[in-house]
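Visitor: how would this look folded up:
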Amino acid sequence: MVTIPRAEGYWLLEPVERGTMLTYCAVGEAPGVPSWIVNLLVFDSPLEAINNLRKEVKKKKYQTVPDWLK
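Guide: Residues are numbered from 1 along each chain as shown. Reported below is the predicted structural model:
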């Protein structure tokens, strides 16, 4: 386990003709860990998060629009 003293990032979702375009940008520093290892984690984490989000939004409870959003 490594403490990351500085990490920043953002997710940008934009509508496009065939769906949604996702831009993910992140930067962090992990003292004592080679940057190529950190870069591997930064690359894989968003893909895993999107796949999990995709599974989650297919659940029945998310198939209707809540009143507060109408």
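
Visitor: show me where the chain has its strands.
Guide: Here the chain has its strands, by DSSP state E, at 6-16, 19-29.

Visitor: of these, which is nearest Ser45?
Guide: The closest of those to Ser45 is strand 19-29. By CB to CB, the value is 8.2 Å. All C-beta atoms are positioned from the backbone trio N, CA, C, and that covers glycine.

Visitor: redo the strands of the chain as TSV? Include mean neighbour count and distance to Lys60.
Guide: What follows is the strands of the chain, written out as TSV (neighbours: other CB atoms under 10 Å; distance: least, CB to CB, whole Å):
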stretch	mean neighbour count	distance to Lys60
strand 6-16	9	23
strand 19-29	12	22
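
Visitor: could the ones you listed go into a markdown table alongside mean pLDDT and distance to Val57?
Guide: Shown next, in a markdown table, are these (pLDDT from 0 to 100; distance: least, CB to CB, whole Å):
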| stretch | mean pLDDT | distance to Val57 |
| --- | --- | --- |
| strand 6-16 | 87 | 13 |
| strand 19-29 | 84 | 12 |
